[in-house]
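Fold the following.
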Amino acid sequence: MVTNSNILLFLALLPVILILIYIYKKDKVEKEPWGLIIKLLVFGAISCIPASFMESFVDHMGPQFPVGSLGYAVTMAFLSAALCEEICKFGFLWLGSWRHPEFGYRFDGIVYGVATALGFAALENVLYVFQFGFETAIIRAVMAVPLHAFCGLFMGIFYGAAKKASIDGKSSLKYFVLALIVPMMIHGIYDTLAFMADPTASIILFAFVIAMYIVSIIWVRRFSRDDWKSGFYPETQPLSAGAGGNRAAGMDPAGAKGYSYGSNYGRQTAMSHPHPGQVHEGKIILVCPYCRHGMRVPAGLGKIRVQCPHCKNEFVETT
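So this is what the prediction gives:
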């Protein structure tokens, strides 16, 4: 029997599910396991608890302004909601994924960031919808829940950059800072406009959300398209020996002279050497038509434009 409570629960969770499916489908290379995604959803929901305590503290200790004023809106938006919530989400994102072995591509950071943010949004949305009803469910489905996803997206972009920098032996600090500051700014601007009791602010808020939809979709598509080039570890990179590599060790067993798998691939046994054009461990071996160097890219991406890491020429291949 379908009850009003079941309908409200469905409406509260539906935007979370739809956004998560969209992001999951955009992860074109080595999709993340659902176990990890669900874990981060739970972690995101749990992050609501410390965030609520932090917000209560800030609300009590912070400056007091009349409700509906600009001072009230900015204080509540940036010092209370944005600061506390994004710090807590980031902490649980890091705790649940930073050292996970599946974290191997830039887009993985986006998946993790959005999943954590949606976990937070799911619990928050259920509480609001059950308290205020159907109309709130509709409004929050197109406004508040996507807002958390926007924040999770940009947190994930810089979180992935921080992971790559860490693996490359570089400082991750600036990316960690950006992973916090950018979502806080997005969240703060949204809440400032929402807290102001002004029709003009409501119009600006609606325009801001539409702009964030457009920007977010563009960035998701960009990172999804280029994800195969952004692997963190040597085995995910194009197979080119470069200036000092041992090319003989990776020579095609079929005898294609001039073709090299490169030193990174040399760690594999001779029995596992694939031929050009062969799919091996989910990746296809391509040969640059200009310099005959080899590289491997994820299979199944369709027609892609590839830049050879050795001679820098571009060519089009079907994977």
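
Check which residues of the helix or strand containing residue 184 are buried.
For residue 184, the host element (DSSP states H and E) is helix 173-195. Across helix 173-195, burial judged by 16 or more other Cβ atoms under 10 Å covers 175-176, 178-180, 182-184, 186-195. Every C-beta, even on glycine, is put in place using the N, C-alpha and C of the backbone.

How far off centre is it?
The gap between the average C-alpha position of helix 173-195 and the chain average comes to 16 Å, counting by Cα atoms, centre = their mean, to the nearest Å.

Show me what the next helix or strand after that helix is packed against.
Scanning forward in sequence from helix 173-195, with DSSP H and E defining helices and strands, the next element found is helix 199-226. Contacts of helix 199-226 with other secondary structure elements, assessed using 3 or more Cβ pairs under 8 Å, 6 or more residues apart in numbering; DSSP states H and E, are made with helix 4-26, helix 106-132, helix 144-167, helix 173-195.

can you rerun that using 10 Å?
Contact here means 3 or more Cβ pairs under 10 Å, 6 or more residues apart in numbering; DSSP states H and E; on that basis helix 199-226 packs against helix 4-26, helix 106-132, helix 134-142, helix 144-167, helix 173-195, strand 303-307.

Okay, buried residues for it please.
Neighbour counts using 16+ other Cβ under 10 Å place 201, 205, 208, 209, 212, 216, 220, 223, 224 of helix 199-226 among the buried residues.

Which of the residues you listed sits closest to residue 98?
Taking Cβ to Cβ as the measure, residue 223 is the one of the buried residues of helix 199-226 closest to residue 98, at 18.9 Å.

Tell me how far the closest residue to that closest one other than its chain neighbours lies from residue 229.
Residue nearest to residue 223 in three dimensions, not counting chain neighbours: residue 107, with 5.2 Å by Cβ to Cβ, 6 or more residues apart in numbering. Between residue 107 and residue 229 the distance is 11 Å, computed by Cβ to Cβ, to the nearest Å.

list residues touching both of those two?
With Cβ atoms under 10 Å, 6 or more residues apart in numbering applied, the overlap between the contact sets of residue 107 and residue 229 consists of residue 29.

Comparing these two, which shows the higher neighbour count?
Here residue 107 and residue 229 are compared on neighbour count by other Cβ atoms under 10 Å; more neighbours surround residue 107, at 27 against 18.

surely the more buried one meets residue 161?
No - with contact taken as Cβ atoms under 10 Å, residue 107 and residue 161 are classed as non-touching, separated by 11.6 Å.

Now do the shared contacts for those two.
Here residue 107 and residue 161 share the contacting residues residue 230, scored by Cβ under 10 Å, 6+ apart.

confidence score at the closest residue to residue 167 other than its chain neighbours?
With sequence-adjacent residues excluded and distances taken as Cβ to Cβ, 6+ apart, residue 167 is closest to residue 232, at 4.8 Å. pLDDT for residue 232: 75.

Just give the number of residues close to residue 232.
Neighbouring residues of residue 232 were enumerated by other Cβ under 10 Å; the total is 19.

quick one: it from residue 156, how far?
Using Cβ to Cβ, one obtains 14 Å as the distance from residue 232 to residue 156.

List the contacts of the residue nearest to the spatial centre of the chain.
With distances taken as Cα atoms, centre = their mean, residue 110 lies nearest the centre of the chain, 0.5 Å away. When contacts are counted by Cβ under 10 Å, 6+ apart, residue 110 touches 23, 26-27, 152-157, 159-160, 219-220, 223-224, 227.

Per-residue pLDDT of it, please?
With respect to pLDDT, residue 110 scores 97.

Residue 273 too?
In this prediction, residue 273 has a pLDDT value of 46.

likewise residue 258?
Confidence at residue 258, expressed as pLDDT, is 34.

The one 5 residues further on now?
Among the per-residue scores, residue 263 holds a pLDDT of 33.

what do you get for residue 58?
Note for residue 58: predicted pLDDT of 89.

List the buried residues in the one helix or strand it maps to.
Take DSSP H and E as the rule and residue 58 turns out to sit in helix 48-61. Residues of helix 48-61 classed as buried under the neighbour-count rule (16+ other Cβ under 10 Å) are 48, 51, 54, 55, 58.
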